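Chemist: below is the sequence, then the predicted model.
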Amino acid sequence: MNVETMKPQSLPPLNNAKLFPGLTIVVGIPSSGRRDIISAVVPNLAQQGRKPDQLVICTPASDDVDMATLANLPFPVRLVKSERGLCRQRNAIIDAVPNADIILFLDDDFLLAATYIAELEKLFLRNPDVDVTTGTVLADGATGPGISVDEGLAVLRDAHAPAENLSIRETYSGYGCNMAVRMSTVHICRLRFDEGLPFYGWLEDVDFSRAVSRFGRVVVSPHLLGVHLGTKTGRMSGLRLGYSQIANPIYLVGKRSMSWHHAIAQMIRNLASNVARVWRPEPWVDRQGRLKGNVLAISDFLRGRLSPQNIRSMD
């Protein structure tokens, strides 16, 4: 793993001699081939009232990020290089900041409300039994054609601050586009994202959340507000995703991080959606590829050769 650090002279030591009391919070963003969206979205982190202590971006190649566009951010920025794969890249981020108290994992197309990190710090300080928290997504372009940066910022501007008396609640899983993790539990319990889920790592957030739930609470907060743009560039192929929609839930059942009830519901929902829409697909979704992947995975399951890793050999 190679690490490039921008503004090395300004990097403060983590945990010790911090500039303000509280937790050391690192924002970690895995990305691949989405240079333009990083340049458009990441600078908005400068609007946080409580700045992150560091930003770590993990990509397969240095030119996946235009570091010049991030040069004036009011916190240190690091570029970590790792082999492509969401789980592998998240693990590389964990390894890059061993002294972080909290890592807030964000998708490269997720916009935060200006109060997000301040509210995140309060949540973890007030709730020592919480190990994973995820925010409230005000708009999610992943379920549609996507949302532009300007539209996402407008949603955040128009959002009303939640009432103070609203409380966190238990959830089955964090949402990987904005998922914060208490790192003391990760290190003590030797937890990692499962690199057996390659490339986009379909359901890796569920797997990780259920592993953490054995040691602490997994919650969603109404005070952590954001917008997921759902940018379509750089996504996994329809064929690979369709295969993962079947292979990954069954794999997670085998390792006991997902129940058959949840896995079957997930698979039926995806398969039914692909069948229903294959003849009139959305312009932004490869329904034919997804359905073909579903069928290949079911065939491999019946022949006893199903594995999430099989997508590595698919085009």
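Modeler: It's in. All of these numbers come straight from a predicted model, not from anything done at the bench. Residues are numbered from 1 along each chain as shown.

Chemist: if we ignore the residues flanking it in sequence, what's nearest Ser82?
Modeler: In space, and not counting its chain neighbours, Ser82 is closest to Ala92: 3.8 Å by C-beta to C-beta, 6 or more residues apart in numbering. Placement of C-beta: from N, CA and C, glycine included.

Chemist: how near is the one you found to Ile147?
Modeler: The spacing between Ala92 and Ile147, counted by C-beta to C-beta, to the nearest Å, is 28 Å.

Chemist: also Val42?
Modeler: To Ile147, Val42 is 16 Å away according to C-beta to C-beta.

Chemist: who has more neighbours out of these two?
Modeler: Each of Val42 and Ile147 has its neighbours counted (other C-beta atoms under 10 Å); Val42 has more, 25 against 22.

Chemist: can you show me the strands along the stretch 101-250 of the chain?
Modeler: For the stretch 101-250 of the chain, applying DSSP state E, counting those that start in this stretch gives strands covering 102-106, 110-112, 130-140, 169-170, 178-182, 217-228.

Chemist: which elements pack onto the fourth one?
Modeler: Contact partners of strand 169-170 among helices and strands, from 3 or more C-beta pairs under 8 Å, 6 or more residues apart in numbering; DSSP states H and E: strand 217-228.

Chemist: dump the strand it packs on to PDB, restricted to CA.
Modeler: Included here for strand 217-228 are C-alpha records, laid out as PDB according to Å, rounded to 0.1, in the frame of the first residue of the first chain:
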ATOM      1  CA  ARG A 217     -25.100  -0.800  19.100                       C
ATOM      2  CA  VAL A 218     -25.800   0.100  15.500                       C
ATOM      3  CA  VAL A 219     -28.000   3.200  15.200                       C
ATOM      4  CA  VAL A 220     -29.400   5.700  12.800                       C
ATOM      5  CA  SER A 221     -29.500   9.400  13.800                       C
ATOM      6  CA  PRO A 222     -32.000  12.000  12.700                       C
ATOM      7  CA  HIS A 223     -29.400  14.700  13.300                       C
ATOM      8  CA  LEU A 224     -26.900  13.400  10.800                       C
ATOM      9  CA  LEU A 225     -28.200  14.800   7.500                       C
ATOM     10  CA  GLY A 226     -26.900  14.300   4.000                       C
ATOM     11  CA  VAL A 227     -27.700  13.700   0.400                       C
ATOM     12  CA  HIS A 228     -26.500  10.800  -1.700                       C
END
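
Chemist: what sits up against the helix or strand harbouring Asp95?
Modeler: Assigned by DSSP states H and E, Asp95 belongs to helix 86-96. Contacts of helix 86-96 from elsewhere in the structure, counted by C-beta atoms under 8 Å, 6 or more residues apart in numbering, are 1, 3, 26, 28, 30-32, 56, 58-59, 78, 80, 82, 103, 105, 176, 183, 186, 192-201, 204.

Chemist: could you rerun that using 7 Å?
Modeler: Contacts of helix 86-96 from elsewhere in the structure, counted by C-beta atoms under 7 Å, 6 or more residues apart in numbering, are 1, 3, 28, 30, 56, 58, 78, 80, 82, 103, 105, 186, 192-195, 197, 200-201, 204.

Chemist: tell me which of those fall in helices.
Modeler: Counted as lying in helices by DSSP state H, out of the contacts of helix 86-96, are Val186, Glu204.

Chemist: write the PyMOL selection for whichever of the contacts of helix 86-96 are buried.
Modeler: Paste this into PyMOL to select the buried members of these, with burial taken from 16 or more other C-beta atoms under 10 Å:
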select buried, resi 28+30+56+58+78+80+82+103+105+186+193+194+195+197+200+201+204
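
Chemist: how about the strands of the stretch 101-250 of the chain in JSON lines, adding distance to Pro162 and mean pLDDT?
Modeler: As requested, the strands of the stretch 101-250 of the chain are exported to JSON lines (distance: least, C-beta to C-beta, whole Å; pLDDT from 0 to 100):
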{"stretch": "strand 102-106", "distance to Pro162": "19", "mean pLDDT": "98"}
{"stretch": "strand 110-112", "distance to Pro162": "15", "mean pLDDT": "98"}
{"stretch": "strand 130-140", "distance to Pro162": "8", "mean pLDDT": "97"}
{"stretch": "strand 169-170", "distance to Pro162": "13", "mean pLDDT": "96"}
{"stretch": "strand 178-182", "distance to Pro162": "16", "mean pLDDT": "98"}
{"stretch": "strand 217-228", "distance to Pro162": "5", "mean pLDDT": "97"}
